[in-house]
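Colleague: pasted the sequence and its predicted model underneath.
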Amino acid sequence: MRTKPVSRVSLLGRIRDIVDSFAASTPARFAILIFAGLVLVFTLLLSLPVSTMSGEVTPFADALFTAVSVICVTGLATVDMATYWSPFGHGLILLGVQIGGIGVLTLASILGLAISRRLGLKAKLMAASDGNPLRIQKGPVAEGQAVRLGEIGGLLATVAISALVIEVAIAILLFPRMLLEGLPFIDALWESFYYSVMAFTNTGFVPTVEGLDPYAEDIWFLGLLMIGVFLGSIGFPVIYALSRNFRKPKRWSLHVKLTIVTTFILLFLGAVAYFFLEFNNPRTFGGMDGGQRVLQSMFFSMMTRSGGFSTIEISEMNGASLLVSDMLMFIGGGSASTAGGIKVTTLAILFLAAFAEARGSEAMEAFDRRIPSDVLRLSVSVVLWGATIVATASIILLQITDEPLDYVLFDVISAFATSGLTTGLTANSSDPAIYVLAATMFMGRVGTVTLAAALAASTRRQLFRRAEERPIVG
């Protein structure tokens, strides 16, 4: 009698099967675990003596906060980033912001595509969820998304190529300006690439103690930083769509149109607000001529959207300007981008819903397209989650610090929206406050949609409908 051969599966194979099964069943929780794992790895690496200029071990709170800020491409820091870290530490920081900026799941899919030369269904689903939050939940997904499942391979190639091309192009354009400043060739090469990466990833770290001071009034330098931040903040699905149909706007998806239109509207309104609110402030724009006021207003309006660079002291701005900055940071950039916040399309959906309600229309419409109601529900959930995170973190920080509300709220929103601008509160915070801000950054980068989906695990199908009743609203 022939016996069946005993199947022997290695321990590594079993672990791989468990990971594959978990990733396929709950991709949202899998994304959170990947981000948490990367934060842990970079915390350990940044704690090493070789990572610091002094050769000493980095305190745990500073190492953890820097790791979260790097992986979440935030730009906030508790140490002087220019002088504290060694060349090895700066190399880790550059690697971390590239991983965090591109997106962990997207980067994993790119590596898988490069190794196997094809993408499996699971890899496509994971990459699609990173590019489109609606796909992280089980159940039917509305058609007409920015990137369909069959286009994920092309999107991943666009992510890899566009990130490389944009960063190299901006670095090349910045390089001559560095040489004109009198920097040695190697230093100019290093700083131009550093600024390019930090602009495209919307991180905002600077490699020198002087920061942007030598270029604070340079339209060429500041303009290139704005272009890098803009291209990083509109989102890879938008870059992908524009690369295919740049001269054919009629073929752009609704997501692309809403992202571009809302981004330019916010950029213009923010610049106008800063121009007038800071016009007579001697500590910021008051002593500038008209051209510089326009340039600085445009620059700061772009940076608050998640860029993180600044040519002025945030703490010296008027209270009204700080409030405008809070709103712009909270909105953030485009979906599936290096920017944070609730995303510009979320804001656009809420305004379209309010406009439809004012007109008495039952459906939201934009650019001759109807937007389903489930997108509105998701947008409301994103805003509520974001507001809850910001409010909770602000209350906790107000209890453990002596800072005023406007400073606390500014840094908390900057952490949540991974903006990187600060009033100085972050650098002077105690360890408990550092942990609160680190958790805020993590939840902001992981995404309120991913976090909510991870808690819910899946969309529950209800087989019955209860009796309808309308409460009083407003």
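Modeller: Happy to help now that I have it.
Colleague: what's the helix or strand for E365?
Modeller: Element membership of E365, judged by DSSP states H and E, is strand 364-366.
Colleague: mind checking how far V256 is from D374?
Modeller: 20 Å (C-beta to C-beta, to the nearest Å). Heads up, the C-betas are built off the backbone N, CA and C, glycines and all.
Colleague: compare those two (neighbour count), which wins?
Modeller: Taking other C-beta atoms under 10 Å, V256 and D374 do not tie; V256 has more neighbours (24 against 15).
Colleague: excluding its backbone neighbours, what's nearest that one?
Modeller: A241 (4.6 Å; C-beta to C-beta, 6 or more residues apart in numbering).
Colleague: any idea which element the one you found lies in?
Modeller: Per DSSP H and E: helix 236-245 holds A241.
Colleague: equivalent analysis for A271, please.
Modeller: Going by DSSP H and E, A271 is part of helix 254-277.
Colleague: packing partners for that helix?
Modeller: Secondary-structure packing of helix 254-277 (3 or more C-beta pairs under 8 Å, 6 or more residues apart in numbering; DSSP states H and E): helix 236-245, helix 290-302, helix 319-331, helix 344-359, strand 364-366.
Colleague: export those to CSV and tack on mean pLDDT, mean neighbour count and distance to L267?
Modeller: Converted to CSV, the helices and strands packed on helix 254-277 look like this (pLDDT from 0 to 100; neighbours: other C-beta atoms under 10 Å; distance: least, C-beta to C-beta, whole Å):
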stretch, mean pLDDT, mean neighbour count, distance to L267
helix 236-245, 81, 20, 15
helix 290-302, 93, 20, 5
helix 319-331, 94, 20, 9
helix 344-359, 90, 18, 10
strand 364-366, 86, 18, 19
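Colleague: need these in JSON lines (columns: distance to F185).
Modeller: Putting these into JSON lines (distance: least, C-beta to C-beta, whole Å) gives the following:
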{"stretch": "helix 236-245", "distance to F185": "32"}
{"stretch": "helix 290-302", "distance to F185": "28"}
{"stretch": "helix 319-331", "distance to F185": "37"}
{"stretch": "helix 344-359", "distance to F185": "40"}
{"stretch": "strand 364-366", "distance to F185": "50"}
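Colleague: between these, which gets nearest to G270?
Modeller: Of all the helices and strands packed on helix 254-277, it is helix 290-302 that lies closest to G270, at 3.3 Å by C-beta to C-beta.
Colleague: quick one: work out the angle between that closest one and helix 254-277.
Modeller: Angle between the axes of helix 290-302 and helix 254-277 is 130 degrees (criterion: axes from the mean of the first three to the mean of the last three C-alpha atoms, to 10 degrees).
Colleague: returning to what we had before: which is the succeeding secondary structure element to the strand holding E365?
Modeller: strand 369-371.
Colleague: just checking, what packs against the helix or strand containing S381?
Modeller: Taking DSSP H and E as the definition, S381 sits inside helix 373-400. Counting contacts by 3+ C-beta pairs under 8 Å, 6+ apart, helix 373-400 packs against helix 344-359, strand 364-366, helix 405-416, helix 431-446, helix 448-456.
Colleague: please redo it, this time with the cut-off set to 10 Å
Modeller: When contacts are defined as 3 or more C-beta pairs under 10 Å, 6 or more residues apart in numbering; DSSP states H and E, helix 373-400 sits against helix 319-331, helix 344-359, strand 364-366, helix 405-416, helix 431-446, helix 448-456.
Colleague: for the fourth one, what is the average pLDDT?
Modeller: Within the predicted structure, the mean pLDDT of helix 405-416 is 95.
Colleague: for it, buried residues please.
Modeller: Of the residues in helix 405-416, 407-416 count as buried by neighbour count, 16 or more other C-beta atoms under 10 Å.
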